[in-house]
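Peer 1: Fold the following and give me the result.
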Amino acid sequence: LKQVFNKDKTFRPKRKFEPGTQRFELHKRAQASLNSGVDLKAAVQLPSGEDQNDWVAVHVVDFFNRINLIYGTICEFCTERSCPVMSGGPKYEYRWQDDLKYKKPTALPAPQYMNLLMDWIEVQINNEDIFPTSVGK
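Peer 2: Next comes the predicted model:
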């Protein structure tokens, strides 16, 4: 269990919404609808009177948190030796390109690819120009 919570691994703490904020309330509403067994299409529908960008931001962060938790449970079984390629089955190989260190699509072991991907997503989520913390922007 200690390995799962190691910051040097791909596990990251859950991103949280500040209680009392509109985004926190939207998050609670999203959680309640997803856990109630209702139609998924209805669960993600924009509530009346809410800002679409805020609603999408809440779901993006929730999705990131869920993927992060799922990957955190399997990352110890996928090593550079056991998963030398990031693939989606025998037909698909994913290559990393970030225009910084990796200027061309580069084949990487799955754990390295996932680390870079999760770091990149976290930077996007923390970018105020993409995900402003002020509601309604």
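
Peer 1: What segments of the protein are strands?
Peer 2: 95-96, 106-107 (DSSP state E).

Peer 1: So which elements touch the first one?
Peer 2: Pointing back at strand 95-96 there. strand 106-107, helix 110-126 (3 or more Cβ pairs under 8 Å, 6 or more residues apart in numbering; DSSP states H and E). C-betas here are computed from N, CA, C, even on glycine.

Peer 1: Quick check: residue 83 vs residue 41, distance?
Peer 2: 34 Å (Cβ to Cβ, to the nearest Å).

Peer 1: And residue 26, by the same measure?
Peer 2: 18 Å.

Peer 1: same deal with residue 47?
Peer 2: 14 Å.

Peer 1: ok, the two, which is more surrounded?
Peer 2: residue 47 (11 against 7; other Cβ atoms under 10 Å).

Peer 1: Kindly state the pLDDT recorded for the nearest residue to that one once chain neighbours are set aside?
Peer 2: Excluding the flanking residues, the one nearest residue 47 by Cβ to Cβ, 6 or more residues apart in numbering is residue 29, at 6.4 Å. pLDDT recorded at residue 29 is 74.

Peer 1: do residue 55 as well
Peer 2: At residue 55, pLDDT is 87.
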